[in-house]
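J.: I would like the atomic coordinates for the input below:
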Amino acid sequence: LFACIIVMGKLDVGRLVPAALLKEGPSPGALQQLLDNVDRTAEQVRAGLFANMLAGVSGSADPKVLSAMITLHSISSASGTEQWVAQCANKYMEMQQHVAALQAELRAAQAAADLEATLREFRGFLENGQFSDAAYGLVQLRKILEDNTNRSSSPEKNKELMQLQQAYASCERDLDEAVESSLAEAFDCAPNAGVITISCSLPSGGDVGELWAAMEVANTVDKHLKGVADELLKHVLPYVLNGTAFLQSHIANGESAHLRWYPSTLQPDGKYPIEHVEHCCAQLLTVLAEALFRQRPATLAAFGRVFWEPFVQQYQAAFLQHVQGSTVAALQARQEAAHMLEQQAVAIGLAQLGTNLAKCLTHAIRQSYHVVQEGYLAMARELIVGHNPHAQPVVVGQPLPIDLAFYQRYKQGNVKAWEVLDPPSGWDVSGPVLATGYYHISNTVMQLVMMIDDALAYACHTGDTSMAQAIVGAVCKMAVMFNTMLPTPPASDAPALALQHHNDLQYLANHLLLVPFLFGPELRHLLGAPVWFGDIALQLRNAAKAALNDTLQVQGAAVHEAVLPMLELSATLAQGRTLPAKEAEPAMSGARQGALHTLRRAGRLLWSSLAPGVALEASQRLLDAVLGTLMSDVLGKRDVGEIEGSELVKLYRPLLDQAVPELLGDVDLTSQGPAVEGLDLKELVAVTLVQRSRELRKLGAVLSLLEARLAEIVQAWEVGTLRAAGLHLEEVQRLVKALFEDTDYRAQCLQRMEAAE
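T.: Residues are numbered from 1 along each chain as shown. The predicted model follows:
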């Protein structure tokens, strides 16, 4: 009805109205005539509408439209036109379904024929060795399968899809088997025979590059490349990388190639040579790229993805096993070879820039620095642990540089006391700096110093900054190790060993201070800054000083114990009791002899172990300690009578006069300096010791005052004799008060002394 209204809207409605209706009005006859006109026109419109609709569905019609047209006969008010249209639509649908069925059968037959042709072509390619064409055929077959999978909606379609799936699976399997078979012929790895044979031309007549192209098209290249990589990583490279096998390659006219590995010869040190490792690996990569992969960029890149990273890990692991015992120069040479190998891998497409194969070598070289350092420390530790303190000592040093002109004047009596007292005290200052005479050190410290020199010389020879830093650190640790692992022997039990340990520490400290002069320019060039072991040298010197102080304390205690009888005699005199002459002289002589014997033994100990300069200082300190005790005894008396003073002089003067000769009694200095006629170094040392021992000079002056008159004491003070001996005004005044009664004359003398101050 809607369509009729639309059609009627395009008609001239005035033509439907009868003339009688316009003339007579709405009479029954006129209205009936109008209705007849409308019915007739509506029938014509429906007929035209269905005709147009049928004309539009000629050929292939939409089944939904046809189904709607068929349902027109069910309309109760449908006229004959609707019935006729419904019948036509039903017939047309039946015809259309039959045609569709015929077309489906035709397409199925054509598809089956096309599939059979594709399969025949695929098998032909395989039989002729045209693997890339066969792979392209397989790709087309996969595309057909994917298209049919998306369109499958009927049992017939499902059956066709199953046939395609079976055909594709069969072709894929056949291609994979053919590729594997050809690859086995192209890459034949025989580990037992030690050979890899690469055939560039396949038995079917194709090139091996055709094989890789087929794998790439079929998307199976990674699987087969993984197999090749595994063969190399498991059966070839482990022996090449650890040095037990040597690899040789040969390419014959581009048709085939051979890789053979032979057992390496064991070196005298029990190790296999590893210098050829990178060269063998470079040969391997070259043969693979040229003969097996035929310089195909895509294939090389794909092989690099499955081979290079495991190779780098295997290379690093093998390399780190050879770090121990390798020199830095050898490691650096291998690092350069590894860098070149990496560049080759990048150039042929196996690796990407930045893979840094040599980074493990950098770590290994750093580790080798640590190994070298630990090696020196291990040797030093072994040396120190094996130290035998009772072994024969080593004599080191240089003759004393004597100022001959000075001693010529000395023999003539033209040398003043201050010239002996003050440096250089007869030394030739233009002579060698280290000429301090001869002294004893242990063989252990001598070997340690030689080890330090060897280590620093090696650091300079390598020219490697990191190695120099490691060895300088090792030298510091070696010195500290010697100081901490070898404590000073107890001076009370083994004074000679304690003094020898003092010499060891001094010798090591002095040598560390000399390092900047021995290796300074080379080490400064390597490290960019001066090398200075001064802090450690000071620690060693402090330890040496402590050892010497302990020994002197023990020796001083022994001498002090020896002079105790003399102090007891002095105390007896202070009490106003005097021994009979027959008893006094033996008692005094016995006390002196015990003290002098102890001094002689101490002098023999000091001068047989220490350098002359150190022995002189130690002797001075020992004398000052002993004689200072005697002087304190005299100066500590508040009242000294004439007889007591005379007895004190008799008691102490012989000891004072014989102290230096006895201390040097067993000393032999003939080998300490140059042989000069008329020159007695022992005599010179004795004079020097007298001049340097402040307590000896003070005690001599004090004993002289015990026998002097008051006027002589005042005169000696005024002229400076007592001050030159080291006495202070308070000490002299206290002695004067103890010796002389409190009189006006004494008070005047004390005032004169104060005025002379």
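
J.: I'd like to know which elements the helix or strand hosting Ala571 is packed against.
T.: Per DSSP states H and E, Ala571 falls inside helix 534-574. Contacts defined by 3 or more Cβ pairs under 8 Å, 6 or more residues apart in numbering; DSSP states H and E place helix 534-574 against helix 465-485, helix 495-527, helix 581-609, helix 612-635, helix 642-663. For every residue, glycine as well, the C-beta is placed using N, CA and C.

J.: out of those, nearest to Ala214?
T.: Among these, the nearest to Ala214 by Cβ to Cβ is helix 465-485 (51.8 Å).

J.: now the closest one and helix 534-574, what's the angle there?
T.: With axes from the mean of the first three to the mean of the last three Cα atoms, to 10 degrees as the basis, helix 465-485 and helix 534-574 are set at 20 degrees to each other.

J.: Could you list the residues in contact with helix 465-485?
T.: With contact meaning Cβ atoms under 8 Å, 6 or more residues apart in numbering, helix 465-485 is reached by 328, 365-366, 369-370, 372-373, 376-377, 380-381, 384-385, 445, 448, 451-452, 455-456, 458-460, 462, 504-505, 508, 512, 515, 523, 526-528, 531, 533, 536, 539-540, 543.

J.: Buried ones from those residues, can you make that a ChimeraX selection?
T.: In ChimeraX, this line selects whichever of the contacts of helix 465-485 come out buried by 16 or more other Cβ atoms under 10 Å:
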select :328,365,369,372,373,376,377,380,381,384,445,448,451,452,455,456,458,459,460,462,504,505,508,512,515,523,526,531,533,536,539,540,543
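
J.: so what's the nearest residue to Thr41 once chain neighbours are set aside scoring on pLDDT?
T.: Of all residues not flanking Thr41 in the chain, Leu16 sits nearest, at 6.2 Å (Cβ to Cβ, 6 or more residues apart in numbering). We have a pLDDT of 70 for Leu16.

J.: Let me know whether Leu16 touches Val38 as I believe.
T.: Yes. Counting by Cβ atoms under 8 Å, Leu16 touches Val38, with 6.0 Å between them.

J.: circling back to that earlier point, so what's the backbone phi/psi at the residue nearest to Thr41?
T.: Taking degrees, to the nearest 10, you get phi -80, psi -20 for the backbone angles of Leu16.

J.: Contact partners for it?
T.: Contacts of Leu16 (Cβ under 8 Å, 6+ apart): 34, 37-38, 41.

J.: Using ChimeraX, define a selection of the buried residues within the residues you listed.
T.: Buried subset of the contacts of Leu16, written as a ChimeraX selection, criterion 16+ other Cβ under 10 Å:
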select :34,41
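
J.: Can you add secondary structure and distance to Ala470 and give the contacts of Leu16 back as CSV?
T.: Output for the contacts of Leu16, formatted as CSV (DSSP: H, G, I helix; E, B strand; the rest coil; distance: Cβ to Cβ, whole Å):
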residue, secondary structure, distance to Ala470
Leu34, helix, 123
Asn37, helix, 122
Val38, helix, 118
Thr41, helix, 116
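
J.: between the helix holding Ala571 and helix 612-635, how many degrees?
T.: For helix 534-574 against helix 612-635, the angle by the same axes, to 10 degrees is 30 degrees.

J.: quick check: angle from helix 534-574 to helix 581-609?
T.: Using the same axes, to 10 degrees: helix 534-574 against helix 581-609 is 170 degrees.

J.: and helix 534-574, how far out from the chain's middle?
T.: The chain centre lies 49 Å from the centre of helix 534-574; the measure is Cα atoms, centre = their mean, to the nearest Å.

J.: State the mean pLDDT of that helix.
T.: Throughout helix 534-574, pLDDT has a mean value of 91.

J.: which residues touch the nearest residue to Val531 once chain neighbours are set aside?
T.: The shortest distance from Val531 to any non-neighbouring residue, by Cβ to Cβ, 6+ apart, is to Leu523 (4.5 Å). For Leu523, the residues meeting the contact criterion (Cβ under 8 Å, 6+ apart) are 456, 459-460, 468, 472, 515, 531.

J.: show me where the stretch 301-450 of the chain has strands.
T.: According to DSSP state E, counting those that start in this stretch, the stretch 301-450 of the chain carries its strands in the segments 394-398, 437-441.

J.: Return the first one as CSV; C-alpha atoms alone will do.
T.: Put plainly, it is strand 394-398. Output in CSV follows, covering the C-alpha atoms of strand 394-398 (Å, rounded to 0.1, in the frame of the first residue of the first chain):
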residue,chain,number,x,y,z
VAL,A,394,124.6,-11.0,55.2
VAL,A,395,127.2,-8.2,55.4
VAL,A,396,126.0,-5.1,53.5
GLY,A,397,127.1,-1.5,53.2
GLN,A,398,130.0,0.5,51.8
